[in-house]
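**Student:** mind looking at a prediction? Sequence and model below.
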Amino acid sequence: MVKRDNAADLMGLLSNGDRDLAAMWVAEVAGSLGSRVGSAELDRELRELYEALVQALRQGAVDVHSEEMSEVRALLAELSRNRARQGFSPSETAISVFALKRVLEPMLENGSADEIPAYLRLARILDGLGLFTIETYTRTRDELITAQAEQLLELSTPVVRLWDGVIAVPLVGTLDSARTQVVMEKLLQALVDTGSEQAIIDITGVPAVDTQVAQHLLKTIVAARLMGAECTVSGISPQIAQTIVALGIEFDGIVTKASLADALKLALRRSGVDMVAHTGTRR
Amino acid sequence: MTAPWTVDEEPRVHPVARSGDLVHVRQVIRVLAQRCGLSLVDQTKLITAASELARNALIYGGGGTVRAGLVEANGRRGVAAVFEDSGPGISDVGQAMTDGWTSGSGLGLGLSGARRLVDDFELSTVPGEGTAVTIVKWAR
Amino acid sequence: MSERIPILRIGDTLLVSVQTDLEDQTVLNLQEDLADQIVARSAQGVIIDISALEIVDSFVGRMLATIAAISRMLDARTVVVGMRPAVAITLVELGLSLGGVSTALDLEKGLAKLSRPTSSAPQ
């Protein structure tokens, strides 16, 4: 038996005869992913990866961290990131790599005993690539979560103009200290930007408040007053009213209204706007 | 008092000997806050706290120094400042930290208010020897 | 050597625009000058524009409250205009709510506030 070098062994496996391993790989992965990735896209992704892998092995790559693997790593990272963004699970992402092992398995049965060590070595390399995939996947998901949390903070606190000189923040969802602080700053800046002297903080969509949040709201209202604007809080639910009283938070001097409509009416009256229903007009 | 954990350079020492120095202290802190990347609101809070503490050192401590610099811990950057005086010290710290209590003619908001404006606040005082207040504001 | 902030007059209103970070002595001078001017020019209102101020600490805050109290005693109304959001948030956190000081978003709204009759009912 002639001693062959590692690279040739591995190459031998991957370029086994006339069988289109890449095509079999694509078929295997497509079967496990269903129709959620376009078949043309999958075909392109995996064939590129396959080419790069063969190339890397030919150059003597021994594991995932080899210099020669940089192209493979770049392609895999791209693939993992895409899967993570498209909402695939980590297993569904890693299967793209591991499926190649399964494709190679049947060839062992027909091949010679020499091929077994080569297969095991290749399997180890593929395991490394699989782990690399999962790491990239996790990192991408973490980035996504961080980005979404920031977007949520931005999205969830729109300041809307209801009338000339009247702005409102409709708050929806659970308020925490950080979010309330963002709202506070945005609302106060909006007073300056729009030249509004009336602001309405509508908490109809807020299920509960704690002491800190209530304090932040209170501070916002006092800060607005320092700047020369008046705030009204509307949409306080019975539960929140009970909490505020039970917590002993001083809400004295804060104007509250049951609904946003009532608060708007008050804000308009305060800014000197009269609403008159014309007689004879249908209501 | 141990010096705070400075990032890139030794903290500079600035005198607080007359009321004109307060303006200088506020400018120094503002530059540091901007270099540290604090948000506008956090910058304002920090500078205001520094102004209160520097004025305390001047009025109650008969003058002193401010050491200020950038700090880093747990992957976050911040601005730290130490206000030192060799005045009479504070005999009842609990009382001095209460809103509205003052031994002078101020509003009594200096110490307690400054503490609310920063993230870390540490006061050490020896009656008859002086007072040191260390504050840190971390970038979010 | 300490600076004095110019006090302008428009009709029976005195206008002070604070442009820079203030030394304590300048603040005290302003307080004195305003009291003198209110009487000398029999002013009805005082507007203090702090829109250029990046910092209002308890010393300046107290000056604003004192000026408001003094002018009230001299039968003039004081409106502080243009406080920045960051300054307002900081003052609240500091524990200073400037009770008794009336405020407005900008100079124009401040003048409008002064021209309204004293009873707080709008128009």
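**Tutor:** The structure has been received and is ready for your questions.
**Student:** mind checking which helix or strand residue 48 is in?
**Tutor:** In the absence of a named chain, chain A is used. Element membership for residue A:48, per DSSP states H and E: helix A:39-58.
**Student:** try chain B instead
**Tutor:** Counting by DSSP H and E, residue B:48 is found in helix B:40-59.
**Student:** confidence score at the closest residue to chain C within the stretch 1-150 of chain A?
**Tutor:** Nearest residue of the stretch 1-150 of chain A to chain C: residue A:150, at 20.8 Å (Cβ to the nearest Cβ). In short, each C-beta sits where N, CA and C put it, glycine included. pLDDT recorded at residue A:150 is 73.
**Student:** please apply the same query to residue B:124.
**Tutor:** 91.
**Student:** in this structure it contacts residue B:90, no?
**Tutor:** No: using Cβ atoms under 8 Å, residue B:124 makes no contact with residue B:90, being 9.8 Å away.
**Student:** which residues do those two both contact?
**Tutor:** Residues touching both residue B:124 and residue B:90 (Cβ atoms under 8 Å, 6 or more residues apart in numbering or on different chains): residue B:131.
**Student:** so for the two, which sits in the more crowded spot?
**Tutor:** In this view residue B:124 and residue B:90 are compared by other Cβ atoms under 10 Å in any protein chain shown, and residue B:90 has more residues nearby, 22 against 14.
**Student:** ok, residue B:77 - how many residues close by?
**Tutor:** Neighbours of residue B:77 using other Cβ under 10 Å come to 15.
**Student:** which residues are in contact with the residue nearest to the spatial centre of chain C?
**Tutor:** Nearest residue to the geometric centre of chain C (Cα atoms, centre = their mean): residue C:48, 3.3 Å. Residue C:48 makes contact with C:16, C:18, C:64, C:67, C:78, C:79, C:80, C:81, according to Cβ under 8 Å, 6+ apart.
**Student:** tell me the pLDDT of it.
**Tutor:** pLDDT, residue C:48: 96.
**Student:** helix, strand, or coil at it?
**Tutor:** strand (DSSP: H, G, I helix; E, B strand; the rest coil).
**Student:** ok, it to chain A distance?
**Tutor:** 12 Å (Cβ to the nearest Cβ, to the nearest Å).
**Student:** which strands and helices sit next to the helix or strand residue C:36 falls within?
**Tutor:** Element membership of residue C:36 [criterion: DSSP H and E] is helix C:24-40. Applying 3 or more Cβ pairs under 8 Å, 6 or more residues apart in numbering or on different chains; DSSP states H and E, we find helix C:24-40 packed against strand C:7-10, strand C:13-17, helix C:58-73.
**Student:** among those, which is nearest chain A?
**Tutor:** helix C:58-73 (9.6 Å).
**Student:** how about the helix holding residue B:48: buried residues?
**Tutor:** The neighbour-count check on helix B:40-59 (16 or more other Cβ atoms under 10 Å in any protein chain shown) flags B:40-59 as buried.
**Student:** do you know which of the helices and strands packed on helix C:24-40 lies nearest residue A:229?
**Tutor:** Residue A:229 lies closest to helix C:58-73 among these, at 17.3 Å (Cβ to Cβ).
**Student:** could I have that closest one exported to PDB, CA atoms only?
**Tutor:** What follows is helix C:58-73, C-alpha atoms only, in PDB (Å, rounded to 0.1, in the frame of the first residue of the first chain):
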ATOM      1  CA  SER C  58     -29.300  74.900  42.300                       C
ATOM      2  CA  PHE C  59     -27.500  78.200  42.600                       C
ATOM      3  CA  VAL C  60     -28.900  79.600  39.300                       C
ATOM      4  CA  GLY C  61     -32.200  77.800  40.000                       C
ATOM      5  CA  ARG C  62     -32.400  79.700  43.300                       C
ATOM      6  CA  MET C  63     -31.600  82.900  41.600                       C
ATOM      7  CA  LEU C  64     -34.500  82.400  39.200                       C
ATOM      8  CA  ALA C  65     -36.900  81.800  42.100                       C
ATOM      9  CA  THR C  66     -35.600  84.800  44.000                       C
ATOM     10  CA  ILE C  67     -35.900  87.100  41.000                       C
ATOM     11  CA  ALA C  68     -39.500  85.900  40.500                       C
ATOM     12  CA  ALA C  69     -40.300  86.600  44.200                       C
ATOM     13  CA  ILE C  70     -38.600  90.000  44.200                       C
ATOM     14  CA  SER C  71     -40.400  91.100  41.000                       C
ATOM     15  CA  ARG C  72     -43.700  89.900  42.400                       C
ATOM     16  CA  MET C  73     -43.100  92.100  45.400                       C
END
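**Student:** before we move on, the earlier item: check the buried residues of helix B:40-59 against chain A, which are close?
**Tutor:** Applying Cβ under 8 Å from any Cβ of the partner chain, the subset of those adjacent to chain A comprises residue B:41.
**Student:** how about the helix or strand hosting the residue of the stretch 1-150 of chain A closest to chain C and chain B, any contact?
**Tutor:** Using DSSP H and E, residue A:150 maps to helix A:115-155. No: Helix A:115-155 does not reach chain B (Cβ under 8 Å from any Cβ); its nearest approach is 11.6 Å.
**Student:** which residues sit against whatever helix or strand comes next after that helix?
**Tutor:** Towards the C-terminus, the helix or strand next in line after helix A:115-155, according to DSSP H and E, is strand A:160-163. Around strand A:160-163, the neighbours that count as contacts under Cβ under 8 Å, 6+ apart are A:167, A:168, A:169, A:170, A:194, A:196, A:200, A:264, A:267, A:268, A:271, A:273.
**Student:** at 6 Å instead, please
**Tutor:** A:167, A:168, A:194, A:264 (Cβ atoms under 6 Å, 6 or more residues apart in numbering or on different chains).
**Student:** ok, the third one to chain B distance?
**Tutor:** Shown here: residue A:194 relative to chain B, a distance of 19 Å by Cβ to the nearest Cβ.
**Student:** check the gap between the residue lying closest to residue B:99 once chain neighbours are set aside and residue B:123 for me.
**Tutor:** Distance criterion Cβ to Cβ, 6 or more residues apart in numbering or on different chains; nearest residue to residue B:99, sequence neighbours excluded, is residue B:112 at 4.9 Å. Per Cβ to Cβ, to the nearest Å, residue B:112 is found 11 Å from residue B:123.
**Student:** check residue B:36 too.
**Tutor:** Separation of residue B:36 from residue B:123 (Cβ to Cβ): 23 Å.
**Student:** and these two? which has more neighbours close in?
**Tutor:** Neighbours were counted for residue B:36 and for residue B:123 using other Cβ under 10 Å; residue B:36 has more, 23 against 18.
**Student:** what's near enough to touch the more buried one?
**Tutor:** Applying Cβ under 6 Å, 6+ apart, we find residue B:36 in contact with B:70, B:77, B:79, B:139.
**Student:** if we can go back for a sec, with pLDDT, distance to chain A and neighbour count as extra columns, can I get the contacts of residue C:48 in CSV?
**Tutor:** Output for those, formatted as CSV (pLDDT from 0 to 100; distance: Cβ to the nearest Cβ, whole Å; neighbours: other Cβ atoms under 10 Å in any protein chain shown):
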residue, pLDDT, distance to chain A, neighbour count
C:16, 95, 16, 20
C:18, 92, 16, 21
C:64, 93, 10, 24
C:67, 94, 15, 23
C:78, 95, 13, 26
C:79, 96, 8, 23
C:80, 97, 8, 27
C:81, 97, 7, 24
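**Student:** just the residues you listed now: which is nearest residue B:86?
**Tutor:** Distances from residue B:86 to these, taken as Cβ to Cβ, are shortest for residue C:64 (32.7 Å).
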